[in-house]
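> 3D, please:
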Amino acid sequence: MLVFLGKRAGYYVVLLLVALFISYALASASMNPRAYFEGRQPRPSAASVEAHLTELGVNDHTPFVRRFGSWAAGVVTGDLGQTIDDTSVNDEFGRRIGVSLRLLLIGTIVGTVVGVLAGAWGAVRQYRFSDRAITVISFVLLSTPIFLLATLLKIGTTWLNANVVHLIDFTGEKSPGLQGGFLTQFGDRAAHLLLPTLSIALGTIAAYSRYQRATMLDVLGSDYLRTALAKGLHPRRALLRHGLRTALVPMTTFFAFGFLGVFTGAAFTERIFGWHGMGDWFMESVAKNDVNSVVAVNLFAAVVILLSGFLADLMHAALDPRVRI
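Numbering: from 1, shown residues only. Here you go, the predicted model:
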């Protein structure tokens, strides 16, 4: 198993390097940092613009190979460069990464667990009311874009706060100027985290429940499960030990590829709820033509997605002993 995981880790390192090169090349080719300075009032001189772009390492008059080599040398030493506003990309990266990880990790864990359980429950109770209810709700959620879902949650909570009872505050990561101890601070942050996490988790629940239901139905009709039941194994134990475990194997692949959609949805969610995370930073950086910041966000996305792929490989190996050989 260690050999298998070692090989997969090596593949992911190569993929990360390729992703970084492509990301830097596309950002350099499609963005025009010069326009950010030329649009200022008063307009800086051409010489100062040239000098500043060269200092940032994004001067389009410098050959691409030299720019990439300089940027890559900095990355090796842990320096992601400077933003177009002449601040440290590392500092901005460190400030925003915790914001995004809170949304991504909690939303993904909740969405995955609830989605798998809902899909398995629907398969076991096929065509009953609970199965049909889960199906209808899932398709409604799947057909609703995440930015619309987040906006609806925001509008609904705003209406309840104003007309019924003040439930929660949801804009930003925490209430400004809040005083109190650990429990007060923790409760406030949890309240602000509820709606953004729910907007991410709902779409994940809908998608996972559909896939899990389909894979579980295939397993329920298998010969080995019927044999286990015929030999007297308790139905619940047969479903959990032989049915659900086997049905989870293809879900590991879906988890690896589905994480990209979760990250994309988190970008919209951060913007809508006023969370200053990686997705919000990415949108700001694109608007400013900030090459170094865009590549830094892409680095974060690539690492998170490849780590999710490695975790999926680990779960696959744990669920299917044949993979370990």
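> Give me the spatial nearest neighbour of residue 43, chain neighbours excluded.
residue 37 (8.0 Å; C-beta to C-beta, 6 or more residues apart in numbering). Every residue, glycine included, has its C-beta placed from N, CA and C.
> so what's the one you found scoring on pLDDT?
pLDDT, residue 37: 81.
> so how many other residues sit close to it?
If you count neighbours by other C-beta atoms under 10 Å, residue 37 ends up with 18.
> and stretch 152-165, which residues are buried?
153-154, 157 (16 or more other C-beta atoms under 10 Å).
> ditto for stretch 274-282
Result for stretch 274-282 [16+ other C-beta under 10 Å]: buried residues 275-282.
> and the end-to-end length of that stretch?
Using C-alpha to C-alpha, to the nearest Å, the end-to-end distance of stretch 274-282 comes to 14 Å.
> So what touches that stretch?
Stretch 274-282 is contacted by residues 92, 95-97, 99-100, 103, 171-173, 196, 263, 266-271, 293-294, 297, 300-301 when judged by C-beta atoms under 8 Å, 6 or more residues apart in numbering.
> nearest to residue 33, of the buried residues of stretch 152-165?
Nearest to residue 33 among the buried residues of stretch 152-165: residue 154, at 33.8 Å, using C-beta to C-beta.
> can you tell me which residues contact residue 59?
Residue 59 touches 50, 53, 67, counting by C-beta under 8 Å, 6+ apart.
> Among these, which lie within helices?
Among these, the members falling in helices (DSSP state H) are 50, 53, 67.
> Separate out the buried members of those residues.
Buried, going by 16+ other C-beta under 10 Å: 53, 67, out of the ones in helices among the contacts of residue 59.
> Now tabulate the ones in helices among the contacts of residue 59 in JSON lines and tack on distance to residue 59 and pLDDT.
Converted to JSON lines, the ones in helices among the contacts of residue 59 look like this (distance: C-beta to C-beta, whole Å; pLDDT from 0 to 100):
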{"residue": "50", "distance to residue 59": "7", "pLDDT": "85"}
{"residue": "53", "distance to residue 59": "4", "pLDDT": "86"}
{"residue": "67", "distance to residue 59": "7", "pLDDT": "91"}
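> I'd like the ones in helices among the contacts of residue 59 laid out as TSV, including distance to residue 184.
What follows is the ones in helices among the contacts of residue 59, written out as TSV (distance: C-beta to C-beta, whole Å):
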residue	distance to residue 184
50	52
53	47
67	49
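> you'd agree residue 81 is up against residue 292?
Yes - counting by C-beta atoms under 8 Å, residue 81 touches residue 292, with 4.1 Å between them.
> the more surrounded of the two?
Neighbours were counted for residue 81 and for residue 292 using other C-beta under 10 Å; residue 292 has more, 22 against 19.
> so where's the longest helix in the chain?
helix 182-220.
> what sits against residue 319?
By C-beta under 8 Å, 6+ apart, residue 319 lies in contact with 245-246, 248-249, 252.
> Tell me the residues that contact both of residue 81 and residue 292, please.
Residues touching both residue 81 and residue 292 (C-beta under 8 Å, 6+ apart): 56-57, 71, 89.
> closest to residue 228 among these?
residue 89 (55.6 Å).
> do you know how far the nearest residue to the closest one once chain neighbours are set aside is from residue 206?
Using C-beta to C-beta, 6+ apart and skipping residues adjacent in sequence, the residue nearest residue 89 is residue 80, 3.9 Å away. Applying C-beta to C-beta, to the nearest Å, the value for residue 80 to residue 206 is 36 Å.
> And residue 43, by the same measure?
Separation of residue 43 from residue 206 (C-beta to C-beta) stands at 50 Å.
> the more surrounded of those two?
The neighbour comparison of residue 43 against residue 206 (other C-beta under 10 Å) goes to residue 206, with 23 against 10.
> which residues of the stretch 201-325 of the chain score low on pLDDT?
259-260, 322-325 (pLDDT under 70).
> burial measure for residue 38, as a count.
Neighbours of residue 38 using other C-beta under 10 Å come to 12.
> residue contacts, it?
By C-beta under 8 Å, 6+ apart, the contact set of residue 38 is residue 49.
> Please give the element, helix or strand, for residue 108.
Per DSSP states H and E, residue 108 falls inside helix 89-124.
> list the helices and strands that helix packs on?
When contacts are defined as 3 or more C-beta pairs under 8 Å, 6 or more residues apart in numbering; DSSP states H and E, helix 89-124 sits against helix 129-142, helix 182-220, helix 245-273, helix 278-288, helix 291-319.
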